[in-house]
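Visitor: sequence plus the predicted model coming up.
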Amino acid sequence: MNMKNITLFSDGSSLGNPGFGGYCAILRYKNSEKIISGSEADTTNNRMELKAVIEGIKALKESCDIEVISDSSYVTKGITQWLESWILKDFDKVKNPDLWREYIKVSKNHKIKTTWVKGHNGHTENEKCDKIAKEEAEKIRKKRGTV
């Protein structure tokens, strides 16, 4: 069975660490794009980086071949290098086990590879994700009435 090739660009933002956070994922299949974004009130940058990937994958309706492009080495190395050993030790002393477990659940029917890109370096989709993630964090900060 041929799986669709999807590119998932992602970024997360946190105003303070922890603080108000936002995330954004851009899913691209051939010439179409879908933007998924959201926010949380009390979170960290790493949580938002990972949440962007999870929410992007959750938006897919079938098994896909996904390339995750992120400026977060926490996300890219977590997926490709660290996750196996984290699972073996049942996430003992691992930060964000709830999100890593959710990642495992949502990614199991997909084939995933990651590419790290340097942040704030003119990468079009990464800059767009960064901008939207920051806007999401600002929105929730304003809604909560702190400036």
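Guide: Here it is on my side, so go on. The model shown is predicted, which means the values in this text are computed figures rather than measured ones. Residues are numbered from 1 along each chain as shown.
Visitor: from now on I want contacts and neighbour counts done on CA atoms only, so please keep to that.
Guide: OK.
Visitor: what residues sit buried inside stretch 114-133?
Guide: Residues Thr114, Thr115, Glu125, Asn126, Glu127, Lys128, Cys129, Asp130, Lys131, Ile132, Ala133 are the ones in stretch 114-133 that count as buried (16 or more other CA atoms under 10 Å).
Visitor: can you redo these as JSON lines with distance to Ile6?
Guide: Supplementary listing: the buried residues of stretch 114-133 in JSON lines, determined by distance: CA to CA, whole Å:
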{"residue": "Thr114", "distance to Ile6": "12"}
{"residue": "Thr115", "distance to Ile6": "13"}
{"residue": "Glu125", "distance to Ile6": "14"}
{"residue": "Asn126", "distance to Ile6": "16"}
{"residue": "Glu127", "distance to Ile6": "19"}
{"residue": "Lys128", "distance to Ile6": "18"}
{"residue": "Cys129", "distance to Ile6": "16"}
{"residue": "Asp130", "distance to Ile6": "20"}
{"residue": "Lys131", "distance to Ile6": "22"}
{"residue": "Ile132", "distance to Ile6": "20"}
{"residue": "Ala133", "distance to Ile6": "20"}
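Visitor: just the ones of these in helices?
Guide: Secondary structure assignment (DSSP state H) places Glu125, Asn126, Glu127, Lys128, Cys129, Asp130, Lys131, Ile132, Ala133 from those within helices.
Visitor: ok, these vs Asp90, which is closest?
Guide: In terms of CA to CA, no member of these lies closer to Asp90 than Ala133, at 30.3 Å.
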